[in-house]
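# Sequence first, predicted model second:
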Amino acid sequence: MEREKIASALLKKGFIEDSKGRDHRYFHHQINGKRTGVRTKLSTGSKYKHLGAPILGKIKKQLKLDSSQALADLVNCPMTEEGYTRILQVKGILNK
């Protein structure tokens, strides 16, 4: 999966990028301007333009998703921002 496609999808799904002066791209999920605690990072290194299964597995876990298909749906846009928010609500992540 392409790193830039993931970054673009995250920004469309309620994440903000907080990477000033850092060597990686950090993304924090927020609702109504408040961070939810869900976050991930993407390396900016040239060998990480295309991400394989091990790194995608880590991203999936950081995003609180249960399957690789759910991550693919988040990135490829069948899953909306509202759909992702519902997943976090069902898991009780937004109630903490």
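Structure received.
# Ile16 and Gly33 touch, don't they?
No - using C-beta atoms under 8 Å, Ile16 is not in contact with Gly33; the gap is 9.3 Å. In short, each C-beta sits where N, CA and C put it, glycine included.
# Specify the local secondary structure of Tyr84.
helix (DSSP: H, G, I helix; E, B strand; the rest coil).
# what number of residues lie near the residue nearest to it when sequence neighbours are not counted?
Excluding the flanking residues, the one nearest Tyr84 by C-beta to C-beta, 6 or more residues apart in numbering is Lys13, at 5.2 Å. Using other C-beta atoms under 10 Å, Lys13 is surrounded by 20 other residues.
# quick one, what contacts Lys13?
Shown in contact with Lys13 (C-beta atoms under 8 Å, 6 or more residues apart in numbering): His29, Leu74, Met79, Thr80, Glu81, Tyr84.
# Apply 7 Å and report the result again.
Applying C-beta atoms under 7 Å, 6 or more residues apart in numbering to Lys13 gives the contacts Leu74, Glu81, Tyr84.
# Appreciated, that's everything.
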